[in-house]
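A.B. asks: would you be able to build a 3D model of this:
(4 chains)
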Number of protein chains: 2
Amino acid sequence: MKINTKIRYGMRAMIDIANSQNPEGVLQKDIALHQDISLKYLDSIIAALKLKGLIANSKGKGSGYKLTRDPNEITVWDIYTAFEPTIIVDCIENKEFCNRSCDCKSRDYWIEFKKDLIELLSKKRLSQIIFDNNHTN
Amino acid sequence: MKINTKIRYGMRAMIDIANSQNPEGVLQKDIALHQDISLKYLDSIIAALKLKGLIANSKGKGSGYKLTRDPNEITVWDIYTAFEPTIIVDCIENKEFCNRSCDCKSRDYWIEFKKDLIELLSKKRLSQIIFDNNHTN
DNA sequence: AATTATCCTACCAATGTTATAGGATTTATA
DNA sequence: TATAAATCCTATAACATTGGTAGGATAATT
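C.D. replies: Here you go, the predicted model:
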């Protein structure tokens, strides 16, 4: 299991946008600058977050990104699924994948595990991540 | 995030061994047969479980595999780490990976997430997986 | 019209996944 | 003591995923 670069960068982009004081939003190139991510690579990150409907902007010159909802209404699972639609356990995903799936204790476990993991990711909100201060106390 | 084939096969091999009534243990080739996994590929699965100390056998002809501990003392995390030593979030693994790590809310979150996930995998025991009967009630 | 900034498509090197193949080694037993 | 059973060990390889780069098209502001 690995949390990949897109998801981690996506999280940082979301935090960056959420933290912005500017009512006009944040420019992609400024996120790239703040977060030290290549503008071109950030292209695909932003596109995914936008497609998922977590952020929005207007087009053309001067278009800053803003969150579409309150940070309290955005979970880590929301951000995660902007990049990966699900948590992958091949034998769960397609029933035909394995012909013993109708009676497989292992598969039963993975189904339960996946549910628990999604719950774990869903309970944490962007607002909590932003306001947690672990370093000053 | 993905649960890969080795981990899934490893789990099934462990269940197979745990379920065996034979006091001599289970032959690798029989696990391959029961679980429909190629004998050769199973080689590497068994090797990893053995290296981790979860199963043991004697050498040569007639050497069946047995668990080294009670199924109640074996967690999913034990099995998981036979194949992957950790859950990977690159920016956590090496501190030098990212020079903003000393003040990164995102990184703070992933550290917490990883801890929670290991806890989730650690609380489930092989005995529970074997004895859960989800299909008959 | 020029500029800013995103949007879109294609490409690519490195790595990880999922195996297969061939033979060496070890030990029980006939 | 052969011989067969069974694992142990090393190499190879096709394929998919990851983590980007590159170039230009498009849209809106000034």
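A.B. asks: all contacts plus neighbour counts: C-alpha atoms, from now on.
C.D. replies: Fine.
A.B. asks: which residues of chain A fall in strands?
C.D. replies: For chain A, the strands defined by DSSP state E cover A:2-3, A:55-56, A:66-67, A:88-89.
A.B. asks: mind listing what A:Gln35 touches?
C.D. replies: Contact analysis of A:Gln35 by C-alpha atoms under 8 Å, 6 or more residues apart in numbering or on different chains lists A:Arg12, A:Ala13.
A.B. asks: picking that back up, out of the strands of chain A, nearest to DNA strand D?
C.D. replies: strand A:2-3 (7.5 Å; C-alpha to the nearest atom of the strand).
A.B. asks: which other helices and strands does the closest one contact?
C.D. replies: strand B:88-89 (3 or more C-alpha pairs under 8 Å, 6 or more residues apart in numbering or on different chains; DSSP states H and E).
A.B. asks: in its sheet, what does the strand it packs on sit against?
C.D. replies: According to DSSP bridges, strand B:88-89 has the following sheet partners: strand A:2-3 (parallel).
A.B. asks: contacts only, for A:Gly24.
C.D. replies: Actually, residue A:24 is Glu. It isn't Gly. Here A:Glu24 is in contact with A:Ser63, A:Gly64, A:Tyr65, A:Lys66 (C-alpha under 8 Å, 6+ apart).
A.B. asks: please redo it, this time with the cut-off set to 10 Å
C.D. replies: A:Asn57, A:Gly62, A:Ser63, A:Gly64, A:Tyr65, A:Lys66 (C-alpha atoms under 10 Å, 6 or more residues apart in numbering or on different chains).
A.B. asks: distance to B:Pro23 for the strands of chain A - can I get that in a markdown table?
C.D. replies: Formatted as a markdown table, those follow (distance: least, C-alpha to C-alpha, whole Å):
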| stretch | distance to B:Pro23 |
| --- | --- |
| strand A:2-3 | 39 |
| strand A:55-56 | 60 |
| strand A:66-67 | 61 |
| strand A:88-89 | 33 |
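A.B. asks: right, so of these, which gets closest to B:Cys104?
C.D. replies: strand A:2-3 (16.0 Å; C-alpha to C-alpha).
A.B. asks: chain center to that closest one, what's the gap?
C.D. replies: In terms of C-alpha atoms, centre = their mean, to the nearest Å, the centre of strand A:2-3 is set 12 Å apart from its chain centre.
A.B. asks: swap in stretch A:105-118?
C.D. replies: Taking C-alpha atoms, centre = their mean, one finds stretch A:105-118 lying 21 Å from the centre of the chain it belongs to.
A.B. asks: got the buried residues for that stretch?
C.D. replies: A:Lys105, A:Ser106, A:Arg107, A:Asp108, A:Tyr109, A:Trp110, A:Phe113, A:Lys114, A:Leu117 (16 or more other C-alpha atoms under 10 Å in any protein chain shown).
A.B. asks: in chain A, what residue is nearest DNA strand C?
C.D. replies: For chain A, C-alpha to the nearest atom of the strand, closest residue to DNA strand C: A:Gln28, 2.8 Å.
A.B. asks: tell me how many other residues surround that residue.
C.D. replies: Around A:Gln28 there are 19 other residues, counting by other C-alpha atoms under 10 Å in any protein chain shown.
A.B. asks: that one contacts A:Gly64, correct?
C.D. replies: Yes. Taking contacts as C-alpha atoms under 10 Å, A:Gln28 lies within contact range of A:Gly64: 7.3 Å.
A.B. asks: list residues touching both of the two?
C.D. replies: Joint contacts of A:Gln28 and A:Gly64 (C-alpha under 10 Å, 6+ apart) are A:Ile17.
A.B. asks: can you pull the buried residues of the helix or strand of chain A with the lowest mean pLDDT?
C.D. replies: Least confident helix or strand of chain A, by mean pLDDT, DSSP states H and E, is helix A:90-93 with a mean of 88. Residues of helix A:90-93 classed as buried: A:Asp90, A:Cys91, A:Ile92 (neighbour count, 16+ other C-alpha under 10 Å).
A.B. asks: residues from chain A in reach of DNA strand C?
C.D. replies: A:1, A:27-29, A:40, A:43, A:46-47, A:57, A:59-64 (C-alpha under 7 Å from any atom of the strand).
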